[in-house]
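# Next input, structure requested:
(one chain, ligands or ions: 1)
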Amino acid sequence: MKSNNESLSFAEFSEFCMELEKISSTLELASRISEYLRKIKNDKDLYNLSLFILGRIYPPWDEREVGVGIGLIYEALRISTGLNKAQIENFVKETGDLGIASEMALSRKLQTSLFVQELTLQYVREVFDSMSALKGEKSQKKKIKMLVDLYSSASPIEARYLTRLLLGEMRLGVGEGILRDAIAKAWGLDAELIERAYMITNDFGTVAITAKNEGLEGLKKLKIKPHIPVRMMLAQVIESVESAISEMGKAAVEWKFDGTRVQIHYSDGKITIFSRRLENVTRALPDVVNMVKENVEEGVILDGEAIAVKDGRPLPFQNILRRFRRKHDVAKAAERIPIIVQLFDVLYCKNDYFNGETIDLPLKERRKILERVVKENEGLKVAKQILTSDPKEVKRIFDESIEAGHEGVMIKNPESPYIPGKRGKNWLKIKEVMETLDLVVIGGEWGEGKRSHLLSSFVLACVDENGELIPIGKVATGFTDEDLEELTELFKPEIEFEEGKKVTITPKYVFEVAYQEIQKSPKYKSGFALRFPRFVRLREDKDVSEADTLERVSKLYESQFKA
Ligand code: AMP
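Numbers count the residues shown, from 1 in each chain. Model (predicted):
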């Protein structure tokens, strides 16, 4: 392996990816990756490899974006190979994968390249960084030129992984868990320690470099830092209120608000707000920024729910996501869709009361800090919390929450720490609605008649234990015309290819879907189908890895037969 001062060649990286693609056992994948990681001497390569292998160019919270969609890839492939678009589209149709299609295109290229540069991980990274820095009118043209240079220098197999990397989908079956185990194994460290380091940095590059150079001590020293998001603690569905309460003794009960999660960092005169997917949404929320500036003490990281409201009642969840997505006229949107924030936790506090990370304190102590650092006003609240050991009281709070237009209640253990990224027994949720499924959109179909310019039905998939997408059905009801307009706009750039009315869509978005029943069916690969599926909403706060699993579908199927 070429390493040390010299960067790892992209060809070698591609060979390695090809090898991984053939392995299906997760244990074997982790073990093979760990061997490979151990051989890398150069920190920059280790950084890039740790991200690239997951199909990432930047950590999710980094605002930089290469901004290369399917359209630009087609264009660059066309120019660098001399083939026409229809030929390349045919390769996609044959294989269902733009990565393999790129490889096929390059192996049939009609012209020899004038510009040839040996591709290394660092060189590719530099090109990506230059692309992300481009702004303004000519940026598309410049990006195409840079892409053409990359493809012209690439071998067919390198093109396969370049394309997949640009699309954010490596198809190696390597998820975060496998990479975590691989890093742990490479340097003989505890996987839980790696997990924790990742949950507070959200950057596998940094975690891998620290593991290699500083080991256990270095990882322990990785702490929460303002303006770098922490993975959010999540809730489990409650099985029985009575047993949960008797286990906790006294439970802290809060409304489960119908909004979307926000993590607010206020430090060094600066405010940064992250969504549940850890995207930086600060720019879309100037009203929240102002409220925080005026009412919160500096030096904190707060956790809460942002809720769009009208006349004191929550508006449907889509409104708030519309606010998050907004790039222009954000001030107008803020007027039209006012937001209130209900804060329920604090993860970091550096001021007169405390000196840094608070996540290891019990909830009851964190709550005290939260109450001290936030001055409540109309738009900024500390979520009301009631300590009780009476299930009847929980029911009363639940009814009150539903009455106010919210989702239900959260029951939290007042003695528990905040465990980033964890869905466990310390936070339990009770919701009113029948369990819905969160499924990945992988395809769709153009509508008929006056809906012919709109995508109006969508193919859905769940995920299996290897992270593969397994089709489970289609959804074509529950959409308003406005939803379809918005969804069509959203999915258009993600269309990989079309055949008649049918389209294949890059799996990036998750729909929440209600249904009447889950049935066994040979029609879809999952072996299940949904009866009367109905679109509930776009879960823009969830990414593909958070979609429901085949295992959950199967459990829900079984539970239908229970009395
Ligand atoms: P779910 O999305 O159904 O898994 O439920 C967990 C989500 O509920 C969290 O990610 C929050 O966005 C939301 N939530 C609403 N109210 C609260 C609360 N009081 N405490 C914690 N999470 C809450």
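# use CA for all of it now, contacts and neighbours both
Fine.
# what ranges do the strands span in the stretch 251-400 of the chain?
251-256, 260-267, 270-275, 300-310, 313-314, 339-350, 355-357, 380-382, 386-388 (DSSP state E, counting those that start in this stretch).
# which stretch among these comes nearest residue 113?
strand 270-275 (43.4 Å; CA to CA).
# List the buried residues of that closest one.
Going by neighbour count (16 or more other CA atoms under 10 Å), the buried part of strand 270-275 is 271-275.
# Nearest to the ligand among these?
Within the buried residues of strand 270-275, the smallest distance to the ligand is 9.3 Å, found for residue 275 (CA to the nearest ligand atom).
# got a list of what the closest one touches?
By CA atoms under 8 Å, 6 or more residues apart in numbering, the contact list for residue 275 reads 260-263, 281, 541.
# for these, which one is nearest the ligand?
Nearest member of the contacts of residue 275 to the ligand, counting by CA to the nearest ligand atom, is residue 261, at 3.9 Å.
# Excluding residues flanking it in the chain, which one is nearest the residue in the stretch 201-350 of the chain that the ligand sits nearest to?
Closest residue of the stretch 201-350 of the chain to the ligand, CA to the nearest ligand atom: residue 256 (3.4 Å). By the measure of CA to CA, 6 or more residues apart in numbering, the closest residue to residue 256 outside its immediate chain neighbours is residue 409, 4.4 Å from it.
# The one you found contacts residue 400, doesn't it?
No. Residue 409 is beyond contact range of residue 400, at 9.5 Å (criterion: CA atoms under 8 Å).
# Can you pick out the residue with more neighbours from these two?
Each of residue 409 and residue 400 has its neighbours counted (other CA atoms under 10 Å); residue 409 has more, 24 against 15.
# and that one, that's in a helix?
No. Assessed with DSSP: H, G, I helix; E, B strand; the rest coil, residue 409 is strand; it does not lie in a helix.
# pull the CA atoms of the longest helix along the chain into PDB?
Criterion DSSP state H: the longest helix present in the chain is helix 204-221. C-alpha atoms of helix 204-221 as PDB (Å, rounded to 0.1, in the frame of the first residue of the first chain):
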ATOM      1  CA  PHE A 204     -15.600   9.300  11.900                       C
ATOM      2  CA  GLY A 205     -12.400  10.900  10.500                       C
ATOM      3  CA  THR A 206     -11.600  12.600  13.800                       C
ATOM      4  CA  VAL A 207     -12.500   9.400  15.700                       C
ATOM      5  CA  ALA A 208     -10.300   7.200  13.600                       C
ATOM      6  CA  ILE A 209      -7.300   9.600  13.800                       C
ATOM      7  CA  THR A 210      -7.700   9.900  17.600                       C
ATOM      8  CA  ALA A 211      -8.000   6.100  18.000                       C
ATOM      9  CA  LYS A 212      -4.800   5.600  16.000                       C
ATOM     10  CA  ASN A 213      -2.600   8.300  17.500                       C
ATOM     11  CA  GLU A 214      -3.900   8.600  21.100                       C
ATOM     12  CA  GLY A 215      -5.900   5.500  21.800                       C
ATOM     13  CA  LEU A 216      -8.100   5.100  24.800                       C
ATOM     14  CA  GLU A 217      -6.900   8.300  26.600                       C
ATOM     15  CA  GLY A 218      -7.300  10.400  23.500                       C
ATOM     16  CA  LEU A 219     -10.800   9.100  22.900                       C
ATOM     17  CA  LYS A 220     -11.800   9.800  26.500                       C
ATOM     18  CA  LYS A 221     -10.600  13.300  26.100                       C
END
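# Which residue does the stretch 401-550 of the chain have closest to the ligand?
residue 410 (5.6 Å).
# For that residue, which non-adjacent residue is spatially closest?
residue 429 (4.6 Å).
# which residues does whatever residue of the stretch 51-200 of the chain ends up closest to the ligand contact?
In the stretch 51-200 of the chain, the residue found nearest to the ligand is residue 199; the distance is 15.2 Å by CA to the nearest ligand atom. Residue 199 makes contacts with 230-231, 420-421, as judged by CA under 8 Å, 6+ apart.
# Good, we can wrap up now.
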